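Q: please find the sequence and the predicted model below.
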Amino acid sequence: MKIVKIILIVIAILVAVPLIAALFIKKEYAIEREITISKPKQEVFNYVKHIKNQNYYNKWTMEDPDMKKEYKGTDGTVGFYGAWDSKKMGKGEQEIKNITEGDRIDIGLHFIKPFEGRANAHMITEALANDQTKVKWGMQGKSKYPMNVMNLFMNNMLGKDIETSLNNLKGVLEK
């Protein structure tokens with residue numbers, strides 16, 4: 001009987017600690033990574049503004065070759081919509097919200113499964129030289145309590161995936 005009591009106390013502590021910690025953790029998160037690509041700015045921007053091109057560099061999209069995808073609208077323009085459904089990568093939607101031609105694209109993300117959530121992503125291109133472009137890819141959002149405890153790991157987890165995707169992008173464009 002003592003062992004059962006000890007196990008229950010340990011379980012209670014394991015549940016209580018993250019719930020209490022989540023009370024003090026910020027609900028907002030923001031992640032941004034960058035890479036330099038040896039191509040002219042406009043060429044890089046023209047590539048990244050098309051959501052369908054993510055199939056060739058985005059780690060999350062490339063993770064599941066059986067992912068079902070649906071698109072609506074004209075790719076590379078405001079209002080273009082893409083959705084994904086995958087046993088491995090979950091279900092969600094993205095929409096181009098704003099484009100500052102040659103400089104920036106803003107995308108709204110709606111995650112449906114495995115967890116409901118919304119985020120905003122952006123890609124910014126900046127000319128460093130005629131044939132060198134800095135690409136910044138960022139994501140920001142808000143997590144509800146108690147899921148905001150995951151924000152402690154968000155920069156590291158998502159940051160690594162964004163870095164992988166940017167390296168893939170560099171490989172595709174410099175090929």
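A: Looks like it arrived, so ask away.

Q: from here on, contacts and neighbour counts on C-alpha atoms
A: Will do.

Q: so where's the longest strand in this protein?
A: The longest strand of the chain (DSSP state E) is strand 117-129.

Q: quick one: the strands in the chain?
A: Taking DSSP E as the criterion, the chain carries its strands at 28-37, 68-72, 81-86, 90-100, 104-113, 117-129, 132-142.

Q: out of the ones you listed, flag the one nearest Thr61.
A: Thr61 lies closest to strand 81-86 among these, at 8.5 Å (Cα to Cα).

Q: the bottom helix or strand of the protein by mean pLDDT?
A: For the chain, counting by mean pLDDT, DSSP states H and E, helix 2-22 ranks last in confidence among helices and strands (a mean of 85).

Q: that one: how far from the chain's middle?
A: Centroid separation for helix 2-22 versus its chain: 33 Å, with Cα atoms, centre = their mean, to the nearest Å.

Q: same check, this time on stretch 9-25
A: 27 Å.

Q: how about that stretch: buried residues?
A: Under the neighbour-count criterion of 16 or more other Cα atoms under 10 Å, stretch 9-25 has 19, 22, 25 buried.

Q: what do you get for stretch 141-152?
A: Of the residues in stretch 141-152, 141-143, 148-151 count as buried by neighbour count, 16+ other Cα under 10 Å.

Q: pLDDT of it, averaged?
A: Averaged over stretch 141-152, pLDDT sits at 84.

Q: and it, end to end?
A: 13 Å (Cα to Cα, to the nearest Å).

Q: what's the single longest helix in this structure?
A: If you go by DSSP state H, the chain has its longest helix at helix 151-174.

Q: can you tell me the centre-most residue of this structure?
A: In the chain, the centroid-proximal residue (Cα atoms, centre = their mean) is Met139; its distance is 5.8 Å.

Q: any idea how far it lies from Leu109?
A: 9 Å.

Q: re earlier: specify the angle between the longest helix of the chain and strand 132-142 in degrees.
A: For helix 151-174 against strand 132-142, the angle by axes from the mean of the first three to the mean of the last three Cα atoms, to 10 degrees is 150 degrees.

Q: helix 151-174 vs helix 2-22, what angle?
A: 60 degrees.

Q: tell me what helix 151-174 is packed against?
A: Helix 151-174 sits against strand 28-37, helix 59-62, with contacts defined as 3 or more Cα pairs under 8 Å, 6 or more residues apart in numbering; DSSP states H and E.

Q: which of the ones you listed sits closest to Asp85?
A: Asp85 lies closest, by Cα to Cα, to one member of the helices and strands packed on helix 151-174: helix 59-62, at 10.2 Å.
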